[in-house]
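**Q** here is my input, please return the structure:
(one chain, ligands or ions: 2)
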Amino acid sequence: MAAAVKSLALSRALTLRSGRILIDGTHLDRYRWSSRIIRTFSLSCELCGKHRENQRKKELSEKKLSRYFVDQRRVKLEAGSGGNGVCSFHSEPRKEWGGPDGGNGGNGGDIIIKVNQQVKSLSLVSSVYRGENGESGRSKNCYGRNANPTYIPVPVGTVVKEQGQTVADMALHGQEYVAVHGGAGGKGNRFFLSNENRAPMTATPGEPGEDRVLQLELRTMAHAGLVGFPNAGKSSLLRAISNARPAVASYPFTTLSPHVGIINYRDHEQLAVADIPGLIRGAHLNRGLGVSFLRHIERCRFLLFVLDMSSPSPWEQLHHLEYELDQYQPGLSRRPNVIVANKMDLGGARENLEALIGRVGHRVIPVSALTGHGTEELVLYLRELYDGDLQSDNPAGGKPLRW
Ligand SMILES: Nc1nc2c(ncn2[C@@H]2O[C@H](COP(=O)(O)OP(=O)(O)OP(=O)(O)O)[C@@H](O)[C@H]2O)c(=O)[nH]1
Ligand SMILES: [Mg+2]
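**A** Ligands and ions are numbered 1, 2, ... in the order given. Got it, this is the predicted structure:
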C-alpha cells in the first residue's frame, strides 16, 4: 500500500523546468516536495505497519500496584573521604627549582537528609549510603574537586533518631539535616611553603568522612488505620474504599507489611488509610507479627476496628483488640475510632450486628467489603473524623497531616 500511495503522489506531480514542482496546481520547491512525499509515505506506513501498543500506557500489574509502605528504616551513613594532598615541585627549562606546587585535595561529600513532599514513604531509602570522595590534588597547584553531597529524600514528618534519641524532626518541605560531614581534603606541599622551609616534602592525606547509624521514623503513617484480627477483611476493605491493591486471601496473615491507600474526595481532599497486618491475642508480648505492627497503629490518627461479623461473638474480638492496644500504649484504643462490622453479606451477621450494637457504645458501620455495601457511609464518616481532627489538637502531636 505504501508503494501505491507513493506512485499516486508521483503521478500527480510535474517537474517544471525551473526546478520547481507542480502538484495539483500548487508550486512547490524541491525540499518541500520531498517532505510531502516523506509525510505521505510515513502515513501509509502507519496504516500498514504492525500495531504496537504504547508501552507507557500499558496497565500496571496488580503486583506493581501493591506497594509496601515503609514507616521506619535503619540507615548506615558513611560520608566521603577527603582527597589527598600532593607533593610535587615545579620544574621547567631555566627554572629547574620552581618550588613546591602540589595542590590540596577536595573535601569529601556530606550526606544530607532532605524533606521532599512528593515522597510518601521510606520505601526508597536504602540501608547504606556512602558519600562521594573528594578528588586528590595535582601538580601545578591544581586543587582536587570537592565531592557533591548525597541527598536522602524523606517524607514530611520524618523523625531522625540515634540510639533512641531524637536528633532531628523534619517537619517542613525542603528542610535539610546534614547527617554526616565529609572528610576534609589533605594539604599539598605548596601549603607548607614558608620562609624557613622553601622545599617542603610534606603532603597530608584526606581525612575519612564521619559515619553514623540512624533510625528514620515517620511520625504519622496515615490518617486512619485498619485494626483487626487476621482474615477480618481489612485488605478487602482497603481495596473497596481506596486505590490501593493489597493482596487478599482466605488464610490468616496474608498481609505482612502495611499498605496505604488514598481516598479521594470530590473537593480534592485526600485521606490516607493504612492496612495494618492482623493482630492476635498477646501481640503486645510480641506474639504473632508482634509489637512492630502495634507501632504502625500508634502512627495513625484514628482507628477503624474491623470485625468479622460471621464469627460467633464479634464483640469479643473488639475487646481483645482494645486490650492489646492499651497494653502496648495506655489510651491508644481511645483514639477517635469507628467499628466496621464487615462481612455483612454472610449468614448470621445480622443477628450479630444487633447484639454488637447493644453491647458497645461506639459508632458501628455495617459493611461488606466483598459487595461494597455500606462503604459510602464509611467513607463519609471517615471524612467527618478527618475534619474533626483538623480542627482539634490531635493526640499524635505535630501539625495535621496533609496527604
Ligand atoms: N463474604 C465476604 N468475604 C469477605 C469480605 N471481606 C473479606 N472477605 C474474605 O475474607 C478473606 C480474608 O480477607 P482479607 O482482606 O485478606 O483479610 P485481612 O484482614 O486483610 O487478613 P490478613 O491480611 O491475614 O490480616 C478473603 O477470602 C476475603 O475474600 C466480605 O465482606 N464478605
Ligand atoms: Mg490483609
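**Q** doesn't Leu378 lie inside a helix?
**A** Yes: secondary structure assignment places Leu378 in a helix (DSSP: H, G, I helix; E, B strand; the rest coil).
**Q** now do it, the pLDDT please.
**A** You'll see Leu378 listed with a pLDDT of 93.
**Q** quick check: it touching Val340?
**A** Yes: Leu378 is within contact range of Val340, at 6.3 Å (criterion: Cβ atoms under 8 Å). C-beta: built from backbone N, CA, C; applies to glycine.
**Q** overlap of the contact sets of the two?
**A** Common contact partners of Leu378 and Val340 (Cβ atoms under 8 Å, 6 or more residues apart in numbering): 304, 365, 367.
**Q** so between Leu378 and Val340, which is more surrounded?
**A** Val340 (27 against 23; other Cβ atoms under 10 Å).
**Q** now the more buried one: how far from Ile152?
**A** 37 Å (Cβ to Cβ, to the nearest Å).
**Q** and if you look at Ala369?
**A** In terms of Cβ to Cβ, Ala369 sits 37 Å off from Ile152.
**Q** who are the contact partners of the nearest residue to Thr158 once chain neighbours are set aside?
**A** Distances taken as Cβ to Cβ, 6 or more residues apart in numbering put Met170 closest to Thr158, at 4.5 Å, once the chain neighbours are dropped. Taking Cβ under 8 Å, 6+ apart, we find Met170 in contact with 113, 115, 154, 156-160, 177.
**Q** out of those residues, who's near ligand 1?
**A** The subset of the contacts of Met170 within reach of ligand 1, by Cβ under 6 Å from any ligand atom, is empty.
**Q** give me the buried subset of the residues you listed.
**A** Among those, those classed as buried by 16 or more other Cβ atoms under 10 Å are 113, 115, 154, 156-160, 177.
**Q** rewinding a little: of Ala369 and Ile152, who's got more company?
**A** Between Ala369 and Ile152, Ala369 has the larger neighbour count (other Cβ under 10 Å), namely 26 against 23.
**Q** pull the contacting residues for the more buried one.
**A** Contacts of Ala369 by Cβ under 8 Å, 6+ apart are 233, 236-237, 239-240, 342-343, 375.
**Q** top of those by neighbour count?
**A** Result: Asn342 is most packed of the contacts of Ala369 (other Cβ under 10 Å), 31 neighbours.
**Q** pull up the distance across stretch 195-213, start to finish.
**A** 46 Å (Cα to Cα, to the nearest Å).
**Q** ignore what I typed, I meant stretch 325-336.
**A** Using Cα to Cα, the two ends of stretch 325-336 sit 13 Å apart.
**Q** buried sites along that stretch?
**A** 325, 328, 332-333, 335-336.
**Q** same check, this time on stretch 204-219
**A** 204-210, 214-219.
**Q** thinking again about what came up before, can I get the shared contacts of Leu378 and Val340 in JSON lines with distance to ligand 1 and neighbour count?
**A** Formatted as JSON lines, the shared contacts of Leu378 and Val340 follow (distance: Cβ to the nearest ligand atom, whole Å; neighbours: other Cβ atoms under 10 Å):
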{"residue": "Leu304", "distance to ligand 1": "11", "neighbour count": "27"}
{"residue": "Ile365", "distance to ligand 1": "13", "neighbour count": "20"}
{"residue": "Val367", "distance to ligand 1": "7", "neighbour count": "26"}
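**Q** in contact with the residue nearest to Glu210 when sequence neighbours are not counted, which residues?
**A** Among residues not flanking Glu210 along the chain, Val180 sits closest, at 4.1 Å (Cβ to Cβ, 6+ apart). With contacts defined as Cβ under 8 Å, 6+ apart, the neighbours of Val180 are 77-79, 110-111, 131, 209-212.
**Q** around ligand 1, pick out the residues from the stretch 101-250 of the chain.
**A** 228, 230-236, 248-250.
**Q** can you turn the buried part of these into a PyMOL selection?
**A** Per 16+ other Cβ under 10 Å, the buried members of these correspond to this PyMOL selection:
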select buried, resi 228+230+231+232+233+234+235+236+248
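**Q** make a markdown table from the residues of the stretch 101-250 of the chain next to ligand 1 and add secondary structure and pLDDT to it.
**A** Output for those, formatted as a markdown table (DSSP: H, G, I helix; E, B strand; the rest coil; pLDDT from 0 to 100):
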| residue | secondary structure | pLDDT |
| --- | --- | --- |
| Gly228 | strand | 92 |
| Pro230 | coil | 90 |
| Asn231 | coil | 90 |
| Ala232 | coil | 92 |
| Gly233 | coil | 92 |
| Lys234 | helix | 92 |
| Ser235 | helix | 92 |
| Ser236 | helix | 93 |
| Val248 | coil | 89 |
| Ala249 | coil | 87 |
| Ser250 | coil | 87 |
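**Q** filter the residues of the stretch 101-250 of the chain next to ligand 1 down to the ones near ligand 2?
**A** Subset of those in contact with ligand 2: Ser235, counting by Cβ under 5 Å from the ion.
**Q** of the residues of the stretch 101-250 of the chain next to ligand 1, closest to Asp101?
**A** For these, the residue nearest Asp101 by Cβ to Cβ is Ser235; the value is 67.8 Å.
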